[in-house]
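Student: Sequence and predicted structure are below.
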Amino acid sequence: MGEKIRVVHYLNQFFAQIGGEEKGGVGPGGKEGPVGAGRALQQALGERGDVVATIFCGDNYFAERQQEATDELLRLLAGFKAGLLIAGPAFESGRYGVACGAICQAAEERLGILALAGMDEENAGAALYRKKVYIVNSSTSVTRMVPTLQRMADLGMKLVERTPLGTPEEEGYLARGVKRNAFAAKPPAERAVDMLLAKIRGKPFKSEIPAPKFQPNKPAAPLRDLSSAVIALVTDGGLVPEGNPERMEPGRPTRFTTIPIAGLDCLDPNEFDAVHSGYDTAFANRDPHRLVPLDVMRELEQEGVIGKVHEFVHATGGAHAAVENATRIGQGIAERLKAAGVTAVILTST
Amino acid sequence: MRLDLGFVDIRDVRFGQHTAVEHNVLFIDREELTSLLQEEPLFDHVGVELAHPGESCRIIRVLDVLEPRFRLSGPNFPGALDSMGLVGDGQTRVLKNVLVVETSESVARARSIIDMSGPATTYSPFGDMHNVVLLPYPVSGADRDEFRLAVKKAGLKASVYLAAAAKDIAPHETQIYALPSVAFNQGPKELPRIAYIFPMHSHQHPTQQNETVFYGSNIQGFMPTIVHPNEILDGALMFSYSAYTYFAQNHPVIRELYRRHGSDLWFAGVVLTVAPVTIAEKERNAYLAAQLAKETLGADGIIATKIGGGAVDTDLMMIYSRAEEMGMKATLIIMERYPDTGITFVPENVNALVTPGLTRDAVALPAVDRVIGADTVSLDNSNPDNTDPTLSPVAARQELKVWVGDIVGAISQVGASRLTTYTS
């Protein structure tokens, strides 16, 4: 058994026994040792750790001045030399839940201190932070304080000791949406046959990969007049200027390129490259118009069929993009095009 | 058609005066094997090394692996090694617990690793086998792609050469794989008829013109067709990339369907196909593959797997949808790559997916005493995702941080692994 871990507990003004709603404006503060429910946390930790301090902040103060409050709480946290931060549980209190999530994320990202929060699954803080930090599901009932703190203490110790975590169901935390491997009792081929036979016989079965949920997008209204349209060319085929000066990734993209094409009638294969790990790029390298049809668009522009071709091409590499990054890249490109007065986009994919 | 796979148990592999199997020990005449492989003009020279279960030993730059096998009558790997002929019927000797490992400097991913001990062996069966490692080195100026094909052919040669040593030895176990012609393949009414739809390659990375994937064909323009499952097991198929030939010889889905044939299902047969690159071709192959399963094999349900990258997910989903529209039930095996990407192309009606695991899951492989394949490996040991080719090399014997998918044999897209996944 190693040294006892130094645990700091975060509470709002109510659970820190400062006062109710009327004290919501209280600024960040800290005390040595456990306060209130912190004593139950100490019991849950037992010999494994010490609640060396409690830090707190009023819910209103945190909601109104999040940046300032976070900075001050992190300063206190660092001062107490915390090895683990436990925030809450906040149950169904939304502002408290958001504060717990925010302080945990900041502690991990800015100070490298392991942290976990507790709150109800429907708490606004859970929606905001469940992908970033471990959140133990406390339910809405304050009577669940002691068992929730027990789960938080156990999970916190696993994080500290780097013990592999079990499933969300086993450990009691909210799924973060991150896939992990687990050893299985039967090989995949056997499971596939089992699943198929259950399906044929009308017996229950469960897909091992749930279908992803995407937010539906409302398509833009059709163009009324092509001859005045400003049309942009955008591709996920990995088009970059020769030498890839913006260092666009061939797979797992986090960024997009902005390629000036004003004054170009066509794309010279010597001046452009395709960077993409998901297909054979030889053909696109030989003729970049296979990715974006600038040559044809210029003809249409000259004939007056379309108004004009937008002066920048944007490109990213589509292979294995994380959904979050892909969404951000798409929004970034759309914002630029919108600001530049583009009225239509031709998207080409590989 | 009836295939008798005769397994000869091998308890040790050693270099010796003559290549022979004696008292469950495979002796290899190193010089004879080396000169056989050196007949290839693209090889400057060839090394052969042995690695045994439990050794503190790491094999890197693995291109392909296969099980040593010898067909007692008829060609071995027709079209790819021997002249044309058929496979899948007759007797084949198998050296059990032996693996032929091809290594090559041309392996794009330096981290294709077999560790003979440690955590890698909890993921892959290959560290528990006696590995005969081939190390061909190219003549200067050799074409990279031609060299790769030559290394794969060397693997076939070595496999046949080694297993031929057991041709007169009575097998310790014989497995019989028999399925009659489609016309007579009728089971009891209560057993569901299951077909396997098998896209063996994705042309998102096209095969070389002279590449020998199926009976020596480069399978460009391949259309869905019915093959006998024994042909896959007995040397008709060697994968181009993204899967190891061992898993064609020991195809997990085919073996599972055979294992349960006549007990809780009836094995209706195999439809072999490819994943092409254009939408029209993808749609055509999905329609035709499902149609063959339904109308020619009379299947009630299908299992489909994939080989290749994310692009093939669309082919699988099309196969699934066509099969279900035709009144068959479908299940897919589909590998996951990144913890946060998910499988993007999953239509709402697709409710039966099995995952053999997530390739990008970090594993630390401890330092070893001996490395085969190369002394150094170019990788970013703090970030296995960094594949920048200009990375400076590190010692291959040190502790390496790799992805599960870098461990050869840990996850096969055709349905072999010890893993599943969950959302954490």
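Tutor: All right, it came through fine.

Student: What strand or helix carries the closest residue to chain B within chain A?
Tutor: Nearest residue of chain A to chain B (CB to the nearest CB) works out as A:Ala189 at 3.7 Å. All C-beta spots, glycine's among them, are computed from the backbone N, C-alpha and C. Following DSSP states H and E, one finds A:Ala189 within helix A:188-200.

Student: from the chain's centre, how far out does that helix sit?
Tutor: Put simply, helix A:188-200 sits 34 Å off its chain's centre (CA atoms, centre = their mean, to the nearest Å).

Student: which residues sit against it?
Tutor: Identification of contacts with helix A:188-200 by CB atoms under 8 Å, 6 or more residues apart in numbering or on different chains yields A:184, A:186, A:204-205, A:207-208, B:192, B:194, B:252-253, B:255-257, B:260, B:264-265, B:300-303, B:329-333, B:352, B:354-356, B:414-417, B:419-420.

Student: What of stretch A:277-291?
Tutor: A:235, A:237-239, A:250-251, A:266-267, A:269, A:272-276, A:294-296, A:315, A:317-320, A:348, A:350, B:204-206, B:277, B:309-311.

Student: Among those, the buried ones, what's the PyMOL command?
Tutor: Selection of buried members from those for PyMOL, criterion 16 or more other CB atoms under 10 Å in any protein chain shown:
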select buried, (chain A and resi 235+237+238+239+250+251+267+272+273+274+275+276+294+315+317+318+319+320+350) or (chain B and resi 204+205+206+277+309+310+311)
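
Student: Now do the buried residues in the helix or strand of chain B with the lowest mean pLDDT.
Tutor: Here the helix or strand of chain B ranked lowest by mean pLDDT, DSSP states H and E is strand B:376-378, holding a mean of 77. Residues of strand B:376-378 classed as buried by neighbour count (16+ other CB under 10 Å): B:377-378.

Student: And stretch A:26-34, by the same measure?
Tutor: Under 16+ other CB under 10 Å, the buried positions of stretch A:26-34 are A:26, A:28-30, A:34.

Student: tell me which parts of the stretch 251-350 of chain A are close to chain B?
Tutor: A:252, A:278-280, A:319-324 (CB under 8 Å from any CB of the partner chain).

Student: List only those of the residues you listed flagged as buried.
Tutor: Of these, these count as buried by 16+ other CB under 10 Å: A:252, A:278-279, A:319-322.

Student: Neighbours of A:Ala221, how many?
Tutor: Using other CB atoms under 10 Å in any protein chain shown, A:Ala221 has 6 neighbouring residues.

Student: Check which helix or strand it maps to.
Tutor: Counting by DSSP H and E, A:Ala221 is part of no helix or strand.

Student: mind checking how far it is from B:Leu99?
Tutor: Distance of A:Ala221 to B:Leu99, computed by CB to CB, to the nearest Å: 61 Å.

Student: What of B:Leu3?
Tutor: For B:Leu3 relative to B:Leu99 (CB to CB), the value is 21 Å.

Student: Comparing these two, which shows the higher neighbour count?
Tutor: B:Leu99 (27 against 23).

Student: List the neighbouring strands of the host helix or strand of that one plus their orientation.
Tutor: For B:Leu99, the host element (DSSP H and E) is strand B:98-103. With DSSP bridges as the test, strand B:98-103 is paired with strand B:62-66 (antiparallel), strand B:130-138 (parallel).

Student: Which residues belonging to the helix or strand following the longest one are considered buried?
Tutor: Beyond strand B:130-138 in the direction of the C-terminus, DSSP H and E gives the next helix or strand as helix B:144-164. Using 16+ other CB under 10 Å as the burial criterion, the residues of helix B:144-164 that qualify are B:147-164.

Student: what's the answer for stretch B:185-199, then?
Tutor: For stretch B:185-199, burial by neighbour count (16+ other CB under 10 Å) applies to B:185, B:191-199.

Student: that older thread, just the CA trace of the helix holding A:Ala189, in CSV.
Tutor: Extracted in CSV, the C-alpha atoms of helix A:188-200 (Å, rounded to 0.1, in the frame of the first residue of the first chain):
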residue,chain,number,x,y,z
PRO,A,188,-16.8,-12.9,-32.8
ALA,A,189,-17.7,-15.5,-35.5
GLU,A,190,-19.6,-17.6,-32.9
ARG,A,191,-21.3,-14.5,-31.5
ALA,A,192,-22.4,-13.5,-35.0
VAL,A,193,-24.0,-16.9,-35.6
ASP,A,194,-25.7,-16.8,-32.2
MET,A,195,-27.1,-13.4,-33.0
LEU,A,196,-28.3,-14.4,-36.4
LEU,A,197,-30.0,-17.5,-35.1
ALA,A,198,-31.7,-15.5,-32.3
LYS,A,199,-32.9,-13.0,-35.0
ILE,A,200,-34.3,-15.8,-37.2
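
Student: Adjacent strands (with direction) for the following helix or strand past that helix?
Tutor: Reading on from helix A:188-200 to the C-terminus, the next helix or strand found by DSSP H and E is strand A:230-235. Paired strands of strand A:230-235, with direction, are strand A:308-315 (parallel), strand A:344-348 (parallel) (DSSP bridges).

Student: mean confidence score for the last one?
Tutor: In other words, strand A:344-348. Mean per-residue pLDDT for strand A:344-348: 94.

Student: which residues are in contact with it?
Tutor: Contacts for strand A:344-348 (CB under 8 Å, 6+ apart): A:223, A:229-237, A:291-293, A:297, A:337.

Student: Quick one: distance of that strand to the chain centre.
Tutor: For strand A:344-348, the distance to the chain centre is 27 Å (CA atoms, centre = their mean).

Student: do the same with the longest one
Tutor: In this view, strand A:308-315 has its centroid 30 Å away from the chain centroid, taken as CA atoms, centre = their mean.

Student: list the buried ones in it?
Tutor: Buried, per 16+ other CB under 10 Å, within strand A:308-315: A:309-310, A:312-315.

Student: what's the answer for stretch B:284-296, then?
Tutor: B:285-290, B:292-294.

Student: Which ones, among the residues you listed, also lie beside chain A?
Tutor: Okay, of those, nothing touches chain A (CB under 8 Å from any CB).

Student: Among these, which lie within strands?
Tutor: Among the buried residues of stretch B:284-296, no member falls in strands (DSSP state E).

Student: Export the residues you listed as TSV, with columns for pLDDT.
Tutor: Listed next are the buried residues of stretch B:284-296 as TSV, based on pLDDT from 0 to 100:
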residue	pLDDT
B:Asn285	98
B:Ala286	98
B:Tyr287	98
B:Leu288	98
B:Ala289	98
B:Ala290	98
B:Leu292	98
B:Ala293	98
B:Lys294	98
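
Student: Against which helices or strands is whichever helix or strand A:Ala44 is part of packed?
Tutor: Element membership for A:Ala44 (DSSP H and E) is helix A:38-45. With contacts taken as 3 or more CB pairs under 8 Å, 6 or more residues apart in numbering or on different chains; DSSP states H and E, helix A:38-45 sits against strand A:5-12, strand A:49-57, helix A:145-161.

Student: Comparing these, which comes out most buried?
Tutor: Neighbour counts (mean count of other CB atoms under 10 Å in any protein chain shown) averaged over each of those peak at strand A:5-12, with a mean of 25.

Student: how big is the angle separating that strand from strand A:49-57?
Tutor: 30 degrees (axes from the mean of the first three to the mean of the last three CA atoms, to 10 degrees).

Student: My guess is B:Trp403 contacts B:Gly357. True?
Tutor: No: here B:Trp403 does not reach B:Gly357: they are 10.7 Å apart, not a contact under CB atoms under 8 Å.

Student: When the two are compared, which one has more neighbours?
Tutor: B:Gly357 (26 against 20).
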